[in-house]
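Engineer: Build me a structure from this.
(one chain, ligands or ions: 1)
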Amino acid sequence: MNRRSIGIVMNGVTGRMGYRQHLVRSILALREQGGLTLPDGTVVWPEPVLVGRDADKLRAIAERHGLTAWTTDLDAALADPANEIYFDAQLTQVRGKALRAAIAAGKHVYTEKPTAESVTEALELARLANEAGVKNGVVQDKLFLPGLLKLKRLIDGGFFGRILSVRGEFGYWVFEGDWQSAQRPSWNYRAQDGGGIVLDMFPHWHYVLERLFAPIQSVYAHAATHLPERWDERNRGYVATADDAAYGVFELDGGVVAQINSSWAVRVDRDELVEFQVDGTEGSAVAGLRNCRFQHRAGTPKPVWNPDLPATEPFRAQWHQVPDNDEFDNGFKIQWERFLAHVVADEPFPHDLLSGARGVQLAELALQSAAEGRRVAVPDLSL
Ligand SMILES: NC(=O)c1ccc[n+]([C@@H]2O[C@H](COP(=O)([O-])OP(=O)(O)OC[C@H]3O[C@@H](n4cnc5c(N)ncnc54)[C@H](O)[C@@H]3O)[C@@H](O)[C@H]2O)c1
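Structural biologist: Below is the predicted model:
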């Protein structure tokens, strides 16, 4: 067996995403399964090096998981030739500096989204990586969720006929932090710290719409800060300067209209925290994180509008579940496996920093649309 160890500098592992999804559910899970076996039989063995600002927290994480490599010195970690990949799950605002240093050190880079706070910086990072000839990637985890994989199966199988529209509903109530602690970090609600639901979620909607349906031609968004006051991790009140809800309309190539509501100020009356309804000439489907239900045109009821009568049909019961027909792994881990195969065996990996920059572009244009109260065209972005 040809075993190929690969050092991965993991910055931001004390955070929510860095720890749970990337370290524990992806890299450590890969080690638990014996590494990643490539088609030629090579076993890729990830060696994480934990990097952060707080030595005590890093030591505690390392000890908890039987790891020994951790440091607060990013430059030293980047100077070690055994570390071929730099991964970033830091606060968005501080990401650019670290990515630039990693690229300059000749490391392949993989990062959480949004890749930067502005499209100018996002594009610059993509260019730098390209010029340095390093492999690069951005997390686009939603594509690998079981619900969206099932939706993709329906699209690829021609189920929908001509797709007409997509309506997405994302969100849940994020507690204000006073009488119950908030379940998301407070920086998300401060624009000056890189927060805001548009910058957080529109990069996701960009790749979901583009990869599953068609490229986005224009965006109209209405952004709101519904809860202007929140309480932080230390129970101090602060002014929420960032948008906590966004109501977006997107026109896609081919005339598909997508509408997506994103909100941290909504209570859930759905089966899942995000759901996308897709309507086509031949049938419709509603995909969530895990499940996807569908209704064929032959099974479509014919309701007649009459407010004087109670609902005549059990509408929710008229849908069928798409069967699993497969085993679904964690979406972050699947994407890590593909990135490692890209680095080690040059397998294709379309989720690059340019694609990440296009996600940031959509967020930026959506904020412009909200500020100006008008629809904004989404121009092509290239290196
Ligand atoms: N792919 C997804 O679905 C998804 C979901 C949530 C967040 N994210 C992204 O992941 C990144 C991290 O988000 P999170 O929710 O894990 O945040 P978090 O606040 O839990 O973690 C932030 C991490 O950045 C580190 N950090 C470095 N410099 C910092 C500074 N100056 N101030 C504060 N923290 C600093 C922290 O120590 C911590 O490790 C963000 O860019 C966010 O947009 C992605």
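
Engineer: Go ahead and confirm residue 354 touches residue 128.
Structural biologist: No. With contact defined as C-beta atoms under 8 Å, residue 354 does not reach residue 128; the gap is 11.6 Å. Bear in mind the C-beta positions are built from the backbone N, C-alpha and C, glycine included.

Engineer: For the closest residue to residue 100 other than its chain neighbours, I want the exact helix or strand it lies within.
Structural biologist: Setting aside the residues directly before and after it, residue 100 is nearest to residue 128 in space (C-beta to C-beta, 6 or more residues apart in numbering), at 6.5 Å. Using DSSP states H and E, residue 128 maps to helix 119-132.

Engineer: So which elements touch that helix?
Structural biologist: Packing partners of helix 119-132 (3 or more C-beta pairs under 8 Å, 6 or more residues apart in numbering; DSSP states H and E): helix 92-104, strand 136-138, helix 353-372.

Engineer: switch to 10 Å and redo it
Structural biologist: helix 92-104, strand 108-111, strand 136-138, helix 353-372 (3 or more C-beta pairs under 10 Å, 6 or more residues apart in numbering; DSSP states H and E).

Engineer: Name the residues of the first one that come out as buried.
Structural biologist: So that's helix 92-104. Residues 92, 95, 96, 98, 99, 100, 102, 103 are the ones in helix 92-104 that count as buried (16 or more other C-beta atoms under 10 Å).

Engineer: tell me how far that helix is from the chain's mean position?
Structural biologist: 19 Å (C-alpha atoms, centre = their mean, to the nearest Å).

Engineer: Which positions in the chain make contact with the ligand?
Structural biologist: By the rule C-beta under 6 Å from any ligand atom, the part of the chain lying against the ligand is 12, 14-18, 52-53, 89-92, 94, 112-114, 139, 141, 185, 200.

Engineer: and residue 248, how many neighbours?
Structural biologist: Residues lying near residue 248 (other C-beta atoms under 10 Å) number 23.

Engineer: Going along the chain, name the strands of the stretch 1-150 of the chain.
Structural biologist: Taking DSSP state E, counting those that start in this stretch to define them, one finds strands in the stretch 1-150 of the chain at 3-11, 36-37, 43-51, 70-71, 83-88, 108-111, 136-138.

Engineer: Run the chain-centre distance for the first one.
Structural biologist: What it means is strand 3-11. Chain-centre distance of strand 3-11: 22 Å, with C-alpha atoms, centre = their mean.

Engineer: would you turn the helices and strands packed on helix 119-132 into JSON lines with mean pLDDT and distance to residue 231?
Structural biologist: Converted to JSON lines, these look like this (pLDDT from 0 to 100; distance: least, C-beta to C-beta, whole Å):
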{"stretch": "helix 92-104", "mean pLDDT": "97", "distance to residue 231": "21"}
{"stretch": "strand 108-111", "mean pLDDT": "98", "distance to residue 231": "30"}
{"stretch": "strand 136-138", "mean pLDDT": "98", "distance to residue 231": "32"}
{"stretch": "helix 353-372", "mean pLDDT": "98", "distance to residue 231": "25"}
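
Engineer: closest one to residue 193 among those?
Structural biologist: Closest approach to residue 193 among these is made by helix 92-104 (6.4 Å; C-beta to C-beta).

Engineer: packing partners for that closest one?
Structural biologist: In terms of contacts (3+ C-beta pairs under 10 Å, 6+ apart), helix 92-104 is packed against strand 3-11, helix 74-79, strand 83-88, strand 108-111, helix 119-132, strand 136-138, helix 353-372.

Engineer: Distance to residue 382 added to those, as TSV?
Structural biologist: Below are the helices and strands packed on helix 92-104 laid out as TSV (distance: least, C-beta to C-beta, whole Å):
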stretch	distance to residue 382
strand 3-11	28
helix 74-79	29
strand 83-88	24
strand 108-111	19
helix 119-132	9
strand 136-138	15
helix 353-372	7
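
Engineer: Residue 157 is nearest to which of the ones you listed?
Structural biologist: Of all those, helix 353-372 sits nearest to residue 157, with 25.2 Å by C-beta to C-beta.

Engineer: now the closest one against helix 92-104, angle please.
Structural biologist: Orientation check (axes from the mean of the first three to the mean of the last three C-alpha atoms, to 10 degrees): helix 353-372 against helix 92-104 gives 150 degrees.
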